[in-house]
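Colleague: sequence unknown, structure follows:
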């Protein structure tokens with residue numbers, strides 16, 4: 001590689017040419033893992049079958065852009081964009097030819113990639129007759145890519161910010177990870193935070209956990225103020241956690257703000273091993289759930305962003321997860337959530353319950369947490385019991401219709417009693433429960449409303465006739 005290498009090299013190449021002149025190709029730590037698996041591989045094979053077998057192709061099959069960053073220090077080519085396609089094609093090649101070239105043995109740094117690689121391999125082997133027919137057409141040599149090689153990490157991230165892998169659209173959290181990793185100059189700290197990020201990005205509902213955390217919890221906790229409760233989208237999340245973050249004076253140091261986990265410290269400085277080396281009296285806790293942050297504080301680029309994220313991953317696990325043994329208030333809150341907020345509960349109300357609980361825990365930890373959960377459910381339950389179909393706009397109104405936003409009340413409260421008093425004094429809630437039960441036939445014999453009532457009365461060990469008086473149970 002010449003010393004004065006060009007900043008960016010662009011070429012059009014075949015699949016087999018992608019590895020020409022590259023002795024070492026790796027997937028860097030900060031990239032998300034390989035995740036195509038069976039479904040995306042089936043989609044690709046169907047596309048290839050239609051193009052090479054069902055028609056008479058007159059030109060190569062275009063597979064999009066592959067982006068490499070050449071690390072001149074370690075003599076590695078890092079795949080920044082394209083690992084899903086390249087990995088899948090290498091698996092297909094290995095099944096067809098029973099081997100791949102030495103320089104085609106990509107190094108994967110995420111252990112999470114291997115399960116998907118096994119799934120893809122098993123599925124591709126089941127399609128071996130199709131692969132043989134494609135091989136007869138020499139299809140691998142007729143796949144065409146735009147190859148981009150950068151020699152600057154900044155350039156590679158800039159390209160990454162505008163590219164999507166085929167069939168796996170980049171979400172806001174993918175951009176956030178890449179953006180904040182490049183704000184960390186220490187390779188060791190960069191890799192450590194990338195590993196923690198990937199370990200948190202487990203499958204969750206319709207995406208991964210970090211997507212849920214940023215969209216349904218962190219964004220709403222910060223953006224839902226007063227009567228302003230915008231719904232999240234990719235651009236809004238990127239504005240909140242990328243555009244509107246602050247660059248620290250040094251990338252290993254960031255400011256701290258006063259909260260229940262910190263009374264005196266004004267900053268943290270980290271060394272290469274990820275240990276903070278400067279902390280004043282009053283802020284020495286290293287457990288992520290007790291990091292000295294709060295949900296609505298300013299977020300700084302780089303380390304602070306990852307530590308902020310780590311804290312709320314840990315808090316969600318502490319309250320709603322099953323990895324650690326719970327006792328006291330936490331155990332009972334989880335029991336209540338599992339009993340009442342099952343999959344049969346509106347997903348919008350489940351998300352709002354978690355949002356408010358995490359917001360409360362962020363301020364008061366376990367102090368009267370169960371009592372708050374009961375009163376919160378009394379509010380959310382009035383929506384469930386009043387409507388057979390809960391839309392997200394209906395759920396949202398429980399924050400906008402009262403004179404004050406519940407999240408604001410929590411954020412600015414000095415004592416738990418201020419929050420529960422606000423919920424107790426909300427008008428109309430008791431009227432809703434009373435109105436529903438003036439005539440028993442107003443509630444369907446079967447349906448989501450009835451099942452919700454059944455879960456609540458079973459948890460509190462009451463009868464359905466008592467349900468209209470449920471406000472009296474909350475402080476028992």
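Modeller: Right, received. Where do you want to start? In this text, all values refer to a predicted model and were calculated from it rather than measured experimentally.

Colleague: so where do the strands sit in the stretch 151-300 of the chain?
Modeller: 203-204, 207-208, 253-255, 267-270, 276-278 (DSSP state E, counting those that start in this stretch).

Colleague: those: which one's closest to residue 380?
Modeller: The closest of the strands of the stretch 151-300 of the chain to residue 380 is strand 203-204. By Cβ to Cβ, the value is 20.9 Å. C-beta here means a position set from N, CA and C on the backbone, and glycine is covered the same way.

Colleague: direction included, what does the closest one pair up with?
Modeller: strand 207-208 (antiparallel) (DSSP bridges).

Colleague: run through who's touching the partner strand.
Modeller: 171, 173, 201, 202 (Cβ atoms under 8 Å, 6 or more residues apart in numbering).

Colleague: can you do 7 Å?
Modeller: Residues from elsewhere that reach strand 207-208 (Cβ atoms under 7 Å, 6 or more residues apart in numbering): 171, 201, 202.

Colleague: pLDDT of it, averaged?
Modeller: Averaged across strand 207-208, the pLDDT comes to 76.

Colleague: list the contacts of the closest residue to residue 176 other than its chain neighbours.
Modeller: Using Cβ to Cβ, 6 or more residues apart in numbering and skipping residues adjacent in sequence, the residue nearest residue 176 is residue 241, 5.5 Å away. For residue 241, the contact set (Cβ under 7 Å, 6+ apart) comprises 176, 214, 299, 305.

Colleague: give me the phi and psi for the closest residue to the third one other than its chain neighbours.
Modeller: By that I understand residue 299. Distances taken as Cβ to Cβ, 6+ apart place residue 245 nearest to residue 299, at 4.8 Å, with adjacent residues excluded. Torsion angles at residue 245 (phi, psi; degrees, to the nearest 10) stand at phi -80, psi 160.

Colleague: check contacts around residue 245.
Modeller: Applying Cβ under 7 Å, 6+ apart, the residues near residue 245 are 299, 300, 301, 305.

Colleague: contacts only, for the spatially most central residue of the chain.
Modeller: Nearest to the geometric centre of the chain sits residue 210, at 1.3 Å (Cα atoms, centre = their mean). The neighbourhood of residue 210, defined by Cβ under 7 Å, 6+ apart, consists of 173, 200, 201.

Colleague: surely residue 124 meets residue 92?
Modeller: Yes - counting by Cβ atoms under 7 Å, residue 92 is a contact partner of residue 124 at 5.8 Å.

Colleague: okay, and the common contacts of those two?
Modeller: residue 131.

Colleague: returning to that earlier point: of the contacts of strand 207-208, the lowest pLDDT goes to which?
Modeller: Within these, pLDDT is lowest for residue 171, at 75.

Colleague: for the stretch 301-450 of the chain, what spans make up the helices?
Modeller: 303-320, 328-340, 347-364, 369-386, 392-400, 406-412, 416-424, 429-436, 448-460 (DSSP state H, counting those that start in this stretch).

Colleague: now these in TSV, with distance to residue 470 and mean pLDDT?
Modeller: Output for these, formatted as TSV (distance: least, Cβ to Cβ, whole Å; pLDDT from 0 to 100):
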stretch	distance to residue 470	mean pLDDT
helix 303-320	23	96
helix 328-340	12	94
helix 347-364	16	95
helix 369-386	7	91
helix 392-400	17	81
helix 406-412	19	95
helix 416-424	13	94
helix 429-436	6	67
helix 448-460	7	89
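
Colleague: can you list those in JSON lines and add mean neighbour count and distance to residue 234?
Modeller: Converted to JSON lines, these look like this (neighbours: other Cβ atoms under 10 Å; distance: least, Cβ to Cβ, whole Å):
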{"stretch": "helix 303-320", "mean neighbour count": "22", "distance to residue 234": "17"}
{"stretch": "helix 328-340", "mean neighbour count": "16", "distance to residue 234": "29"}
{"stretch": "helix 347-364", "mean neighbour count": "21", "distance to residue 234": "18"}
{"stretch": "helix 369-386", "mean neighbour count": "21", "distance to residue 234": "27"}
{"stretch": "helix 392-400", "mean neighbour count": "16", "distance to residue 234": "17"}
{"stretch": "helix 406-412", "mean neighbour count": "19", "distance to residue 234": "22"}
{"stretch": "helix 416-424", "mean neighbour count": "17", "distance to residue 234": "32"}
{"stretch": "helix 429-436", "mean neighbour count": "16", "distance to residue 234": "35"}
{"stretch": "helix 448-460", "mean neighbour count": "17", "distance to residue 234": "30"}
